[in-house]
Each structure stands twice: as C-alpha cells, then as structure tokens.
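A.B. asks: after the sequence you'll find the predicted model.
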Amino acid sequence: MNIDEKPDVSNRQSTTNRLERELQQKQSVIAEQKKELEALSSHIQHLEEQIMSHKKSFWWQVTKPMRFLSDWIKKSVIVRVHSFLRFRSSPEEMTLTQKLNPYLDYSNYERATHVVEHKRKFTKAKSYKEGLSIIILNLNKPELIIPLIESLIKAKKKFKEINYDVEIIVGDTGSRNKEVLTAYKKMSSDIILRENMKYHFSSCNNTLFYEQAAYSKILFLNNDVIFGDAFESIKMMIENNEDESTGITGQYLFYPDGSVQHMGVDFFKTGEYTGFCYHPKHREHIDIPSAGYSSIVPSVTGACLMIKSSLFYDTDGFDEDYSEEVQDVALCLSLKRLGFNSSIVYTGNVIHLENATRPKGSENWKDRRRFLRKWKSFVEVL
C-alpha cells in the first residue's frame, strides 16, 4: 500500500462489527449447548441412580439368596463330608463312646443356628378348666387300644360321679384296621378323635395338647398300658400331682410276669454311659409297696405321664427335635430346672407291654447324643 494512501477506516469498522456479531452468535450457541449438556448430565445422573437402585434390588432379590444358597450348599457339602468321615465306620462297628459322642452329628455352626432360629411351639396362652385330659396316640392294634379306651370310659363315668371332668383324646396316625375304626365310631360320644396324624411322638402329643386339651392336667398314655383299675390308678396320680412342688407324676409299671418295667428313670454317674438314662430295677421282682406310696425320682417314662397343663405350656411341651427317644426324660429335666420334681406313685398292678407299637430293641443314637449334649452337665449335679 502506498504510504500516501489513507486507510479505509469504514471498511475496517464494518469488518470488526461483523466479527463481533459472529463471536456473539457463537457464544450464544455455546451457552445453549452448555445448557443442553448440563441437562444431559443431569439426566445421565438420574439414569445412573435408577440403575444402581435396580442393581441393589436385584442383589437383594436374586444375588443375595443365590449367594446364601451357594454358602449353604458349601456348608452342607462340608458337613456331609465331615459326617461321612466320622461315620466311615458303620454304627455296628462304632464303640459305645463313639455312639454317645454328644458332638458327633452337628458342627458348631449348625448348633448355633438351631439355637438362634428356634421358635416356641406354643405361642397363644390358654386357660384350662379343672379336670383331666387324657391323650393317647394309636395306630391299629385293636387288642390294645379298644380295651384301654373302654377302661378309661368307665373311669370317666366314675370321675363324673365325683364332679371331676375327664376327656379322652385319641390321636390316630393312620389306622386301617376295621375293628379299630368301628370302635372309634361306637365310642364317638365318649372320645375326641383326631385322625390322619403323621406319627411323631413329640409333635403329635404337642398338637393334641395345644389344639384339643381343655383341662388343667394332662395324662399322656401309651396304647400298651393296661390298668387293673383305671379309676383308682388315675385318681391316685391326680392326688399326687396336686402337690405344688410336683411337676410330673408317673406310675410304677410292670411286665406281665410281674417284674419291673418302670419305677422311675435315673442317670449313670460313671463309665461310658455317664450322663445317660436308665431304668433302675428293670426286669427285677421287688417288694410291692402299699397303694398310694410315692417317691421323688429324677424322671419318669412318657408311657404314663401326668403333668400340669400350665407347666407343659411353659416348657413348650415335648422337644420335637428328638425323633424317637428321651423326649419324656428331657421334659422332666426341663421342669427340674424350674424347681419342680418328678414323682412316681404305686397304684396297683399297672402293666406296660413296652415297645408293643415299636420294633423291639430299636435304638436311636442320634437322639441319645443330642440328649447328652443338652443335659449331661445338668444331670451330673442332680
């Protein structure tokens, strides 16, 4: 450009104005995009929160149970392997000490879990009228159950004469014998019948007590008990059980040959059986005491066991974790721990055929081990 020329000021001003307008437009566009970006960021954050919420929900609903199931499977496998190793010898090959090992069946984890998760069987308190509820479990066996119920019905009528109410509750666990079913119908006005129960000594008796029993005392009877005079025998049991310090009353029971089947249950204090229960004088012939004679014993058999309904409720009934054995002894010890004694009374020649409805010689070592785990230390100081 020639230095003598004058610069075109107007053109430069025009260019400057144009550039400023373009800058403003771009700044405006940038501001709009920034707003859109902020809105988009906010939306993305909201979506991320929803995704996390769904993830947590999924974890609680699916992942956690699956993880729990996985842990349970692992623990079960470990326990099964442990059990397999412990039982690599058959029960017949195990020593007595091994059979009565109180910690043979369960790991510490399983025992702790059972304690934490245990719930009461009886949850709703009941009021009981003065009287006696007799509870019997039965499966077929017409030669046992029919004579027993007939003798109890006669006793019930005699109790009515002295204004004492008695009810007879039969829990049938699947009888198909026509003679038994016919007898049930014939006796329907004198008994309360609960049919189609699945046999489990503790569970069935607990259910009948909780759902059917109406009176202040309960007499649990095996169907193979034979009374000489049911009215007199039961009356003496009731009188014995009236004592405030007595929680449970049992009977002297005999075999048909006159030898002792039961005169209380005691516990071994030494040797391999330490802490376990046994029947003193079993199969022995003893000097017969006078009628009404009673004595305090560590525990009694459930074949003929009377207990105050309130105490049976308070101790939650028979322990249903025992499959076949020692539920009765455990109940007596539960009451002893509360300060109530078990007593036996001689009421005449009351026969117990023993195991008439159970295979003779059958043994449940798992129940026995559980009993020792729970009660061995307690019985050592009795």
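C.D. replies: Good, I have the coordinates.
A.B. asks: can you count the residues close to residue 143?
C.D. replies: Residue 143: 13 surrounding residues under other Cβ atoms under 10 Å. C-betas here are computed from N, CA, C, even on glycine.
A.B. asks: quick one: list the elements packing against the helix or strand harbouring it.
C.D. replies: Per DSSP states H and E: residue 143 is located in helix 142-161. Counting contacts by 3 or more Cβ pairs under 8 Å, 6 or more residues apart in numbering; DSSP states H and E, helix 142-161 packs against strand 129-138, strand 166-172, helix 178-186, strand 225-226, helix 230-241.
A.B. asks: what angle sits between that helix and helix 230-241?
C.D. replies: On the basis of axes from the mean of the first three to the mean of the last three Cα atoms, to 10 degrees, helix 142-161 is oriented at 70 degrees to helix 230-241.
A.B. asks: pull out the buried positions in the strand or helix carrying residue 311.
C.D. replies: If you go by DSSP H and E, residue 311 is part of helix 309-314. Residues 309, 311-314 are the ones in helix 309-314 that count as buried (16 or more other Cβ atoms under 10 Å).
A.B. asks: find the nearest non-adjacent residue to residue 375, please.
C.D. replies: Residue nearest to residue 375 in three dimensions, not counting chain neighbours: residue 333, with 5.5 Å by Cβ to Cβ, 6 or more residues apart in numbering.
A.B. asks: and the gap between the one you found and residue 274?
C.D. replies: 16 Å (Cβ to Cβ, to the nearest Å).
A.B. asks: the two: who's more crowded?
C.D. replies: Under the neighbour definition other Cβ under 10 Å, residue 333 and residue 274 were set side by side, and residue 333 has more, 23 against 14.
A.B. asks: the more buried one: which element?
C.D. replies: helix 327-337.
A.B. asks: domain parsing for this protein?
C.D. replies: 20-88, 129-379 (automatic domain parsing).
A.B. asks: worst average pLDDT in these?
C.D. replies: Looking over the domains of the chain, mean pLDDT reaches its minimum on domain 20-88, with a mean of 65.
A.B. asks: does residue 222 touch residue 328 like I think?
C.D. replies: No. If you go by Cβ atoms under 8 Å, residue 222 and residue 328 don't touch, sitting 10.4 Å apart.
A.B. asks: returning to that earlier point: thinking the residue nearest to residue 375 is in contact with residue 379, fair?
C.D. replies: Yes. Residue 333 lies in contact with residue 379 (Cβ under 8 Å); the separation is 7.0 Å.
A.B. asks: buried stuff in stretch 194-205?
C.D. replies: With burial defined by 16+ other Cβ under 10 Å, the residues of stretch 194-205 counted as buried are 194, 197, 200-205.
A.B. asks: just send the helices and strands packed on helix 142-161 back as CSV, with mean neighbour count too.
C.D. replies: Formatted as CSV, the helices and strands packed on helix 142-161 follow (neighbours: other Cβ atoms under 10 Å):
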stretch, mean neighbour count
strand 129-138, 21
strand 166-172, 22
helix 178-186, 14
strand 225-226, 20
helix 230-241, 21
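A.B. asks: which of these sits closest to residue 43?
C.D. replies: strand 166-172 (67.1 Å; Cβ to Cβ).
A.B. asks: contacting residues for residue 277?
C.D. replies: Shown in contact with residue 277 (Cβ atoms under 8 Å, 6 or more residues apart in numbering): 265-268, 298-299, 326, 329, 371.
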